[in-house]
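**Student:** pasted the sequence and its predicted model underneath.
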Amino acid sequence: MPHRKSAEDLSLEELRRLLVQKQREVHQARLEHFQRTGRLTHPVWKAPAPETSSTPEEIAPSTPGRRFLDSALLAIEILAVIGLIGVLLNGLGLLRTLNQEVAAALRVETPTPTPLIMAVVLPGGHTPPDASGNTRPNEAEIPEHLRPIYQSLASLPVPTPGPQQAIRIQIPAIGVDAPVVQGDGWEQLKKGVGQHIPSANPGENGNVVLSGHNDVYGEIFRHLDRLQPGDQVILYTQQRAYTYIVERTLIVEPTAVEVIASTGAPTLTLISCYPYLVDTHRIVVFARLQP
């Protein structure tokens, strides 16, 4: 005899079926009673017994294959959720990085000026003069890959001198008193001391760069190596004179163009070939404007 379930053990569906069946039985009993008492003349119609609904297990019994498929689908759903969470976290990271980059781009910083150096070698380079005093520009000291730039810079037009530009230089300690011309190319340095374009003008914040020969065309800068810290260099414009005080001297390679970079304070740089009658290097004298 099958074990009968108590009401607490029945599901809602089973309780519903029992209630429907009970109502039908009560209705059928009432009809039969009416027929026996003569209150009902036509035959009593009996409702068919309700079909027992099958449970999902009875319709599709569980099999190992079905259980494996259910487990696989569950694993796929879990992986999809994990992947979605990963995408969200990655998106938040990208958004944070983008916000940081935008904030950095919008941050106002004090710009650092880039030195404007319009040269590939220091000016004044030439071959040592022969017995007759003949010389020529020393193109061998120009790096091969920089020669097109050197030629383009050499073709720049020389500006017309203005009242604020240097016209004369005096260095009492070594007896220099010479004119200053604009530009420091081969032809300009035949006429005197050349001012590098576009270096600063006397008295201005920046670097006044002047070059001269040491063993040809008057040997104007023959004795730059005799200058000592504290010696004076006087530059004249059409308006006034400016006095600079020598600070130090360097011997550098011809390609050390960083010595003519712009400066934030009024400075002066004097350049010539070195040593005398050899001309493989440059002598560079640095001076600052006297207050």
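**Tutor:** Noted; the coordinates are in hand.
**Student:** when you work out contacts or count neighbours from here on, use the C-alpha atoms and nothing else.
**Tutor:** Noted.
**Student:** ok, Thr37 - how many residues close by?
**Tutor:** Thr37: 9 surrounding residues under other CA atoms under 10 Å.
**Student:** tell me how far it lies from Val257.
**Tutor:** 131 Å (CA to CA, to the nearest Å).
**Student:** stretch 284-291 - what's its average pLDDT?
**Tutor:** The predicted model gives stretch 284-291 an average pLDDT of 97.
**Student:** same check on stretch 214-231?
**Tutor:** pLDDT averaged over stretch 214-231 gives 97.
**Student:** and it, which residues are buried?
**Tutor:** Residues 214-216, 220-222, 224-225, 227, 231 are the ones in stretch 214-231 that count as buried (16 or more other CA atoms under 10 Å).
**Student:** run through who's touching it.
**Tutor:** The contact list for stretch 214-231 (CA atoms under 8 Å, 6 or more residues apart in numbering) reads 129, 133, 135, 173-174, 176, 178, 189-193, 212-213, 245-249, 272-274, 276-277, 283, 285.
**Student:** name only those of these that count as buried.
**Tutor:** By 16+ other CA under 10 Å, the contacts of stretch 214-231 give 174, 176, 178, 189-193, 212-213, 245-246, 249, 272-274, 276, 283, 285 as buried.
**Student:** longest strand of the chain?
**Tutor:** Criterion DSSP state E: the longest strand present in the chain is strand 241-252.
**Student:** same for it, what does it pack against?
**Tutor:** When contacts are defined as 3 or more CA pairs under 8 Å, 6 or more residues apart in numbering; DSSP states H and E, strand 241-252 packs onto strand 232-236, strand 266-274, strand 281-289.
**Student:** next, the distance between the ends of stretch 249-263.
**Tutor:** Note: stretch 249-263 ends 17 Å apart using CA to CA.
**Student:** likewise stretch 226-239?
**Tutor:** One end of stretch 226-239 sits 30 Å from the other (CA to CA).
**Student:** and what of stretch 224-233?
**Tutor:** Distance across stretch 224-233, first residue to last, is 11 Å (CA to CA).
**Student:** separation between Gln188 and Gly124?
**Tutor:** 10 Å.
**Student:** the two - which one has more neighbours?
**Tutor:** Between Gln188 and Gly124, counted using other CA under 10 Å, the more crowded position is Gly124 (25 against 18).
**Student:** could you tell me the phi and psi values at that one?
**Tutor:** phi 90, psi 0 (degrees, to the nearest 10).
**Student:** wait, it sits on Tyr274?
**Tutor:** No. Counting by CA atoms under 8 Å, Gly124 stays clear of Tyr274, with 10.3 Å between them.
**Student:** hang on, Val181 packs against His196?
**Tutor:** No. The criterion here is CA under 8 Å, and Val181 misses it with His196 at 9.3 Å.
**Student:** okay, now the unreliable bits of the stretch 151-291 of the chain?
**Tutor:** 153-156 (pLDDT under 70).
**Student:** can you give me the distance of Gly230 to Arg17?
**Tutor:** 117 Å.
**Student:** again but with Val193, I slipped
**Tutor:** Val193 is 118 Å from Arg17, by CA to CA.
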